[in-house]
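> Dropping a prediction and its sequence here:
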Amino acid sequence: MSTHVTAPTTSHTEAVVTDDEHGPLVRSLSATLPGALGSVIATVVVLATIVFGIWSLIATWSGNPGAGLPLFQVVVAGTVVALNAIFARKTFSYVITLIGAVLWLWVSVTPFEPFWQTVLQAVTFTIMAAGVVFSTTAVALSKKPRF
């Protein structure tokens, strides 16, 4: 009487699914928008950043900077949000960047103690920067086929 036992082989490699390394937030933001809706929303976001930039520039040049938003923050936030919206126009993954920029501008105009002003500016700028990372990852994920 003899038995035949085969040991499992470990020489072959299994395909690694990369979607497991991304969290549910990135996967939910990677959904593509139907038709030209993404381009329209991105265009509106870019135009709004241009309008806020011009408004802040005019307020600063007129000698009344309190009538507008801080020019430096508007230029930085507007540039980051506009470029991110153009890059991710097929998805709405730049919403975190947009929220971070709005919070950063709000913290910039709200009077806080200097320590808390610095902390809140750092936190909101980090949210904006994390939004860029989430957005670029979501766009890359949206280009992969879903099975």
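Good, I have the coordinates. Computed from a predicted structure; not experimentally measured.

> from here on, contacts and neighbour counts on C-alpha atoms
Noted.

> residue contacts, the residue most central in space within the chain?
With distances taken as Cα atoms, centre = their mean, Gly131 lies nearest the centre of the chain, 2.8 Å away. Neighbour list for Gly131: Tyr94, Val95, Ile96, Thr97, Leu98, Gly100 [criterion: Cα atoms under 8 Å, 6 or more residues apart in numbering].

> at 10 Å what do you get?
Counting by Cα atoms under 10 Å, 6 or more residues apart in numbering, Gly131 makes contact with 81, 84, 93-101, 125, 137.

> nearest to Gly35, of these?
Nearest to Gly35 among those, counting by Cα to Cα, is Ser93 at 16.0 Å.

> pLDDT weak spots in the protein?
For the chain, the stretches with pLDDT under 70 are 1-23, 25-27, 145-147.

> ranges for the helices of it?
Secondary structure of the chain, counting by DSSP state H: helices at 24-29, 37-61, 71-87, 95-109, 114-142.

> what about the residue nearest to the centre of the chain, distance to Ser93?
Per Cα to Cα, to the nearest Å, Gly131 is found 8 Å from Ser93.

> Mind listing the shared neighbours of these two?
Listed as contacting both Gly131 and Ser93 by Cα under 10 Å, 6+ apart are Asn84, Thr137.
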